[in-house]
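Undergrad: I would like the atomic coordinates for the input below:
(one chain, ligands or ions: 1)
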Amino acid sequence: MVERSASRLPLIPYARAVGRILALSAKASPGAVAMKVLGSLIGAVLPLVTTYFAALTTTALAEAYAGDPDAGGRAVVYVVVTAALGLFWGAFTSVDRYIQQVLSFRVGAIVGDSMYQRFLALEFWRYDDKETVDLYDRARRFSDSYPRVLDRIAAIFTQLVSVVLAIGALLLVSWWVALIVLVAIVPSVYLQFRLSREQMAHWNTQVDSRRQRRMIETNIMRPQYIAEIRLYGVVEYLMLLRSRLREADELRRLDFQRRYIPKQLLADALQYGAEVIALLWVVGQIIARAQPVGQFLYIQQIVSRALGTANDLVSSLSSIDEDLSNLKDYEQFMKLPVPEATGEPLSGPPSRIDLKDIRFTYAGSDLEVLKGISLSIERGRHIAIVGENGAGKSTLIRILAGLYRPSSGAVLLDGRDLGTVGTPSWHRYLAVMSQDFLKYEFATAGNNIYFGDVASPREEERIERAAADAEAADFIRRLPNGFENHVSNWMEDPRGRKGSGLSGGQWQRLAMARNFYRDAPFIVMDEPTSAIDALAEHRIFTRLFDDRSRTIVAISHRLATIEKADVVYMLEDGRVVESGTHRELVELRGRYYRMFESQLQPTGP
Ligand SMILES: Nc1ncnc2c1ncn2[C@@H]1O[C@H](COP(=O)(O)OP(=O)(O)OP(=O)(O)O)[C@@H](O)[C@H]1O
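TA: Below you'll find the model as predicted:
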């Protein structure tokens, strides 16, 4: 059943899709849609009316030439009417362009915004899910092309009405000329549809290769990566890989096109044949005085208009075919569930967090990353989590922050399961500093810090304090415009002052300052100081760990940080294998000791 409908031209779903697009547009701007429909109708009717008057003019001129004394006056009236119609059409086209702009701005904003909002509200595991990301890519193609789709629908509407009216206008003169023209139109419409179908099926199988190509292109294009790519002499290799991917894609598309050339030629020949037959017929009719002279112009214009518009219709249909198939993806994407904010919000920061037998497996993976982790964090305590790469430390933190839900077990905040708490209320008490921090390259240094807590108005004194705590204040003050300096050399402020690029460590300090500005009672850190020099790092952590008002959970590979913690948990392959203070763990002489042996003082126990 499904296969059968896929092999046919799916006109009904298409009509439905067009209906949905129009409904969406009408919601955004009903007046503009009404004007657009009216414009499309006028666009279809007006050329025919103009042709009709041109034919009348020609007949009147022929009659005047043959000596009819009234015919000259009639010809002048027809010419004036034709000119007035042209003037009206010119004015209407300008208004129509404006309406199209209004519609595409309004509806484009609605479609794009709602898609981004949904993307940003998805459950976190979806960002690791290939199918979701593929679907998002395709949905974005639709939202990017939305204004164009609307334009095409309007064009298709005009073209359809034009073809129907042209056939109707021919019917008035001769039913069989109308039939011949109609028959000549059908094959090329059908062929073009099949071609675009095949190209689309090909497009949808090429998501991975296109993504790979795009990744290569963005990596090559990004200034921060160019140094390595050039130094390692990998440019040529990547360019070659990219061209291979592109060529494979293009060859397949060209192959489709080539296979369709003979069929297309046949369809074109059919159209020209129909035109010649119609013209020969009307010439014969005029010579036999069965039709007026102006009828030649009428038939010639209307037949060529019917065929020409049908060809335009074919290309509009094949381009909208692609757009509408992305509409399906867009709608499917917009139906992805987003977690509902049903949980009761926390009334205040919890005084105790318990992780109970947490197990976790990433979506789409068979590997259990966390295999039953239990630990407790009391408010004001400073915890360090250590372990080799891949032991599961970052995953544990993501679960603690409520970004992922455990496959089994629970995170309890004062005994309440985090799964039943409104997570935004938990996030208000959290500052998460990670090694993959965000760089707000479009913003000033001050705003990079302020973005830690945009819920309240920007406070300069708080920004400066946060910058000082993160050892960022000195370098920011040395920037030509201090806290108002842009931090990317690609940016310029409204007064034309250029931004200054930052070093890796300076960016990291700025990100730390942003987290301090948040002023959260729980600080979660995932190696946030990897690029910060040892002295500054020491000062930052000493200040942070001296402050007993905050709870700290820190992932670290640096002994200097770990030593400051009240309790250290050592993770191995998703399990806590040792826990205690640094001193206790060293004395245990177990896995922790072996891991840090090289960093320990030779005078140790
Ligand atoms: N998004 C993901 N999807 C699937 N598997 C993942 C994902 N992120 C991490 N993993 C896997 O989970 C395991 C634990 O990763 P995690 O990042 O928690 O380790 P980690 O202890 O923080 O390591 P590191 O010290 O290198 O940061 C690894 O085997 C990793 O391959």
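Undergrad: tell me the contacts of the residue of the stretch 1-150 of the chain at minimum distance from the ligand?
TA: In the stretch 1-150 of the chain, the residue that lies nearest the ligand is Asp128 (4.0 Å; Cβ to the nearest ligand atom). Heads up, the C-betas are built off the backbone N, CA and C, glycines and all. When contacts are counted by Cβ atoms under 8 Å, 6 or more residues apart in numbering, Asp128 touches 362-364.
Undergrad: hmm, 10 Å instead?
TA: Asp128 makes contacts with 362-365, 404, as judged by Cβ atoms under 10 Å, 6 or more residues apart in numbering.
Undergrad: cool, Leu297 as well?
TA: Applying Cβ under 10 Å, 6+ apart to Leu297 gives the contacts 51-52, 54-59, 282.
Undergrad: now the two most distant members of these.
TA: Spanning the widest gap among the contacts of Leu297 are Thr57 and Val282, at 17.0 Å by Cβ to Cβ.
Undergrad: point out where the stretch 101-250 of the chain drops to low pLDDT.
TA: 219, 221, 224 (pLDDT under 70).
Undergrad: contact residues of it facing the ligand?
TA: The stretch 101-250 of the chain comes close to the ligand at residues Asp128, as judged by Cβ under 6 Å from any ligand atom.
Undergrad: most centrally placed residue in the protein?
TA: Nearest to the geometric centre of the chain sits Arg140, at 3.5 Å (Cα atoms, centre = their mean).
Undergrad: before we move on, which element is Phe142 in?
TA: Using DSSP states H and E, Phe142 sits within helix 130-173.
Undergrad: rewinding a little: for the ligand, tell me which of the contacts of Asp128 show up nearby.
TA: 362, 365.
Undergrad: which of the contacts of Asp128 count as buried?
TA: 363, 404 (16 or more other Cβ atoms under 10 Å).
Undergrad: farthest pair in the contacts of Asp128?
TA: Farthest pair in the contacts of Asp128 (Cβ to Cβ) is Gly364 and Tyr404. Separation: 13.2 Å.
Undergrad: which neighbours do these two share?
TA: Joint contacts of Gly364 and Tyr404 (Cβ under 10 Å, 6+ apart) are 125, 128.
Undergrad: now, which of the contacts of Asp128 sits nearest Leu266?
TA: Among the contacts of Asp128, and counting by Cβ to Cβ, the member closest to Leu266 is Gly364, at 48.4 Å.
Undergrad: quick one: the closest one is in a strand?
TA: No - assessed with DSSP: H, G, I helix; E, B strand; the rest coil, Gly364 is coil; it does not lie in a strand.
Undergrad: next, work out how far apart it and Met215 are.
TA: Between Gly364 and Met215 the computed distance is 19 Å (Cβ to Cβ, to the nearest Å).
Undergrad: returning to what we had before: tell me which of the contacts of Leu297 is nearest to Tyr136?
TA: Closest approach between the contacts of Leu297 and Tyr136, by Cβ to Cβ: Thr51, at 48.3 Å.
Undergrad: turn the contacts of Asp128 into TSV, columns for pLDDT and distance to Tyr65.
TA: TSV is the format used below for the contacts of Asp128 (pLDDT from 0 to 100; distance: Cβ to Cβ, whole Å):
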residue	pLDDT	distance to Tyr65
Tyr362	90	86
Ala363	82	82
Gly364	79	81
Ser365	85	86
Tyr404	90	87
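Undergrad: including distance to Lys498, could the contacts of Asp128 go into a markdown table?
TA: Formatted as a markdown table, the contacts of Asp128 follow (distance: Cβ to Cβ, whole Å):
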| residue | distance to Lys498 |
| --- | --- |
| Tyr362 | 43 |
| Ala363 | 44 |
| Gly364 | 45 |
| Ser365 | 45 |
| Tyr404 | 41 |
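Undergrad: shaky segments in this structure?
TA: Low-confidence segments of the chain (pLDDT under 70): 1-11, 219, 221, 224, 322, 341, 601-605.
Undergrad: show me which residues of it sit near the ligand.
TA: Contact residues (Cβ under 6 Å from any ligand atom) of the chain with the ligand: 128, 362, 365, 369, 387, 389-395.
Undergrad: now for those, which pair is the farthest apart?
TA: Of all the pairs that the residues of the chain next to the ligand form, the one spanning the most space (Cβ to Cβ) is Asp128 and Gly387, at 21.0 Å.
Undergrad: residues touching Ala431, list them.
TA: Neighbours of Ala431 in contact, by Cβ under 10 Å, 6+ apart: 452-453, 512, 514-525, 550, 552.
Undergrad: can you select the buried ones from these in PyMOL?
TA: Selection of the buried residues among those in PyMOL, burial being defined by 16+ other Cβ under 10 Å:
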select buried, resi 452+453+512+514+515+516+517+518+520+521+522+523+524+525+550+552
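Undergrad: among the residues of the chain next to the ligand, which are in helices?
TA: Counting by DSSP state H, those place 393-395 in helices.
Undergrad: just so I have it, where are all the helices in the stretch 401-550 of the chain?
TA: Per DSSP state H, counting those that start in this stretch, the stretch 401-550 of the chain carries helices over the ranges 423-427, 445-450, 460-469, 473-478, 504-517, 534-546.
Undergrad: quick check: angle from the third one to helix 504-517?
TA: With axes from the mean of the first three to the mean of the last three Cα atoms, to 10 degrees as the criterion, the two stretches helix 460-469 and helix 504-517 enclose an angle of 130 degrees.
Undergrad: starting at the chain centroid, how far to helix 460-469?
TA: On the basis of Cα atoms, centre = their mean, to the nearest Å, helix 460-469 sits 36 Å off its chain's mean C-alpha point.
Undergrad: do the first one as well
TA: The chain centre lies 27 Å from the centre of helix 423-427; the measure is Cα atoms, centre = their mean.
Undergrad: packing partners of the lengthiest helix in the chain?
TA: Under DSSP H, the helix in the chain containing the largest number of residues is helix 235-287. Applying 3 or more Cβ pairs under 10 Å, 6 or more residues apart in numbering; DSSP states H and E, we find helix 235-287 packed against helix 130-173, helix 175-205, helix 207-221, helix 223-231, helix 294-334.
Undergrad: hmm, 6 Å instead?
TA: helix 175-205, helix 207-221, helix 294-334 (3 or more Cβ pairs under 6 Å, 6 or more residues apart in numbering; DSSP states H and E).
Undergrad: out of those, which gets nearest to Lys263?
TA: Of these, nearest to Lys263 by Cβ to Cβ is helix 175-205, at 5.3 Å.
Undergrad: go through the closest one and flag the buried ones.
TA: Neighbour-count burial for helix 175-205 flags 177-178, 180-182, 184-185, 187-189, 191-193, 195-200, 203 (criterion: 16+ other Cβ under 10 Å).
Undergrad: list the buried ones in stretch 124-137?
TA: Of all the residues in stretch 124-137, those buried under the rule 16+ other Cβ under 10 Å are 126, 129, 132, 135-137.
Undergrad: now that stretch, how far from the centre of its chain.
TA: Computed by Cα atoms, centre = their mean, the chain-centroid distance of stretch 124-137 equals 12 Å.
Undergrad: dump that stretch to PDB, keeping only the CA atoms.
TA: Taking Å, rounded to 0.1, in the frame of the first residue of the first chain, the C-alpha atoms of stretch 124-137 are listed here in PDB:
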ATOM      1  CA  PHE A 124      19.900  16.200  25.600                       C
ATOM      2  CA  TRP A 125      20.400  12.700  24.400                       C
ATOM      3  CA  ARG A 126      19.000  13.800  21.100                       C
ATOM      4  CA  TYR A 127      22.000  16.000  20.300                       C
ATOM      5  CA  ASP A 128      24.000  12.700  20.300                       C
ATOM      6  CA  ASP A 129      21.500  11.000  18.100                       C
ATOM      7  CA  LYS A 130      22.400  10.800  14.500                       C
ATOM      8  CA  GLU A 131      18.800  10.500  13.300                       C
ATOM      9  CA  THR A 132      17.700  13.600  15.200                       C
ATOM     10  CA  VAL A 133      20.500  15.600  13.900                       C
ATOM     11  CA  ASP A 134      19.900  14.400  10.300                       C
ATOM     12  CA  LEU A 135      16.300  15.300  10.600                       C
ATOM     13  CA  TYR A 136      17.200  18.700  12.000                       C
ATOM     14  CA  ASP A 137      19.500  19.300   9.000                       C
END
